[in-house]
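>>> Okay, sequence plus prediction incoming.
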Amino acid sequence: MANVLAMVDDLFFQAKIVETARHLAVDLRICTTPDALLTEISKATPKLVVVDLNSRNQPLEAIQRMQAAAPDGPWLAFSHTVQTELAEQAHAAVAAK
């Protein structure tokens, strides 16, 4: 089981994350869909889950499902700084648990 899971579907950003994790000796697993993310979480609780809110694969759904499956699990969601509405939607997804 990976210590860090990342739901990122952008191939260029995936490569950057993978290289950074390798450089820091962090056990990382990339997931591109909510189903893949939840499958990994069900195997064991990771130390951190990172969600790209700009993913084309339902990142808000992933957050909601992750909150239901592992409400205390540490996670981080990110987007571009100008996307305040998207950040607010992510906060609402967490609050809806």
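Yes, it's here.

>>> tell me the contacts of F13?
By Cβ atoms under 8 Å, 6 or more residues apart in numbering, the contact set of F13 is D52. Glycine gets a C-beta too; all of them are placed from N, C-alpha and C.

>>> Surely it is in a helix?
Yes - the secondary structure assignment for F13 places it in a helix, going by DSSP: H, G, I helix; E, B strand; the rest coil.

>>> and the spatially most central residue of the chain, what does it touch?
For the chain, the residue whose C-alpha lies nearest the mean C-alpha position (Cα atoms, centre = their mean) is V51; its distance is 2.5 Å. The contact partners of V51, taken as Cβ under 8 Å, 6+ apart, are A6, M7, L37, P59, A62, I63, M66, W75, L76, A77, F78.

>>> what about Q67, neighbour count?
Burial of Q67, expressed as a neighbour count using other Cβ atoms under 10 Å, amounts to 17.

>>> possible to save the contacts of V51 as CSV with pLDDT?
Supplementary listing: those in CSV, determined by pLDDT from 0 to 100:
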residue, pLDDT
A6, 93
M7, 92
L37, 91
P59, 86
A62, 87
I63, 84
M66, 82
W75, 81
L76, 80
A77, 80
F78, 79
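
>>> Among these, name the ones in helices.
L37, P59, A62, I63, M66 (DSSP state H).

>>> Give me the below-cutoff pLDDT ranges for the protein.
Low-confidence segments of the chain, defined by pLDDT under 70, are located at 1, 80-84, 86-87, 90-97.

>>> again, only using 90
Within the chain, the segments meeting pLDDT under 90 span 1-3, 10, 13, 38, 41-47, 52-97.

>>> rewinding a little: mind giving me the PyMOL command for buried ones among the contacts of V51?
Buried residues among these (16 or more other Cβ atoms under 10 Å), as a PyMOL selection:
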select buried, resi 6+7+37+59+62+63+66+75+77
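
>>> quick one: which of the contacts of V51 is nearest E19?
Compare each of the contacts of V51 with E19 using Cβ to Cβ and the shortest gap goes to A6, at 12.5 Å.

>>> Check the contact between that closest one and C31; I expect there is one.
Yes - counting by Cβ atoms under 8 Å, a contact exists between A6 and C31, whose distance comes to 7.0 Å.
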